[in-house]
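Visitor: take this sequence and fold it.
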Amino acid sequence: MIYTVTFNPAIDYVIKVDDLTLGKVNRTKREDVYCGGKGINVSNVLSNLGIDSVGLGFIAGFTGDAIEAGAKKLGFQPDFIRLREGMTRINVKIKSNEESEINGQGPVIHDDELEQMFQKIDQLKDGDMLVLAGSIPASLPEDIYERIMERLQGRDIQIVVDATKDLLLNVLKYHPFMIKPNNHELGEMFGIELKDNDEIIEHAKKLQEKGARNVLVSMAGDGAILVTEDGDVHMGPCPKGEVKNSVGAGDSMVAGFITGYLKSNGNYEEALKMGTAAGSASAFSEDLATGEKIMELYKQL
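Guide: Residues are numbered from 1 along each chain as shown. Here you go, the predicted structure:
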């Protein structure tokens, strides 16, 4: 089974305003509500591709109820821990002449509630896959990813990590199955700006030297590069299309990679191809991509 973890999920309230004017009453032209969070996005796209998963994380209040109901509607199994205080955050995303976001903080997670998460993690079985994605709430220890991966050391559980800078660098010693920085994040880890594919490949291999097994580097419209544990380098060109949405494209790539890897019995070239198709399909859609849209682009690659 595949398990995704979203420590700080959100209800994303996306509104369109023709001309946002501060200090005045503004009326929306369009409103959409989504279940947000990187792990939830991964589970959503996995479901669209016919892959089952379980969503782990923390929810609270009436907005937490909406997250749980939304997960079921999206087609994956929710196994969230319900917090005794607060409410799941609401993120307001305003699309106007400029795009603006107001992101909520999220509820406080107490030590005993975190322990419930550890107990769920401990129940994973050999052959399972765990996806750790996104930022860490202020009420959790900064080394939470490390603590989870340390608990699973020595077990046959493949761990995928999609995080930034130190959060990612600090887990490499636990040899994650796959990590997915984008090209800008990869450069930031080494304090430089990467100018071409050769530099991207060189620094992806440096992350392997630090412990990562497979490094998938997303490059927006330029596609993706995969450096595998076998020493191979695969280039994934991006299909052509009109970019409508950047939110969730990276999460979709992770879901596509996992799907391609599982359906091809571990063929990394197929994993990259499906990952690139899924990431692009979400970028070309108003919401996360449907399975049909992903397969349409997959056939073009």
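Visitor: tally of neighbours for residue 16?
Guide: 14 (other CB atoms under 10 Å). All C-beta atoms are positioned from the backbone trio N, CA, C, and that covers glycine.
Visitor: how much space between the residue lying closest to it once chain neighbours are set aside and residue 17?
Guide: With sequence-adjacent residues excluded and distances taken as CB to CB, 6 or more residues apart in numbering, residue 16 is closest to residue 30, at 4.1 Å. Distance of residue 30 to residue 17, given as CB to CB, to the nearest Å: 9 Å.
Visitor: out of those two, name the residue with the larger neighbour count.
Guide: Neighbour count, other CB under 10 Å: between residue 30 and residue 17, residue 17 has more, with 16 against 10.
Visitor: ok, the more buried one - contacts?
Guide: Residues in contact with residue 17, defined by CB atoms under 8 Å, 6 or more residues apart in numbering, are 26-29, 94-96.
Visitor: and the residues you listed, which of them are buried?
Guide: Buried members of the contacts of residue 17, scored by 16 or more other CB atoms under 10 Å, are 94-96.
Visitor: of these, which is the nearest to residue 205?
Guide: residue 95 (39.1 Å; CB to CB).
Visitor: which phi and psi does that closest one have?
Guide: Main-chain torsions, residue 95, degrees, to the nearest 10: phi -110, psi 110.
Visitor: number the chain from 58, please
Guide: Sure thing, new numbering starts at 58, so read that last one as residue 152.
Visitor: pretty sure it contacts residue 75?
Guide: No: applying CB atoms under 8 Å, one finds residue 152 not in contact with residue 75, separated by 9.9 Å.
Visitor: from the contacts of residue 74, which ones fall inside helices?
Guide: Of the positions in those, not one sits in helices, assigned by DSSP state H.
Visitor: tell me how many other residues crowd the residue lying closest to residue 184 once chain neighbours are set aside.
Guide: Distances taken as CB to CB, 6+ apart place residue 213 nearest to residue 184, at 6.0 Å, with adjacent residues excluded. Neighbour count of residue 213, defined by other CB under 10 Å: 10.
Visitor: can you tell me how far residue 213 sits from residue 311?
Guide: Distance, residue 213 to residue 311, using CB to CB: 20 Å.
Visitor: hmm, back to that, closest to residue 169 out of the contacts of residue 74?
Guide: residue 151 (37.3 Å).
Visitor: let me know the secondary structure of the residue lying closest to that closest one once chain neighbours are set aside.
Guide: Spatially, and ignoring its direct neighbours in sequence, residue 151 is nearest to residue 157 (4.5 Å; CB to CB, 6+ apart). Three-state secondary structure (criterion: DSSP: H, G, I helix; E, B strand; the rest coil) places residue 157 in strand.
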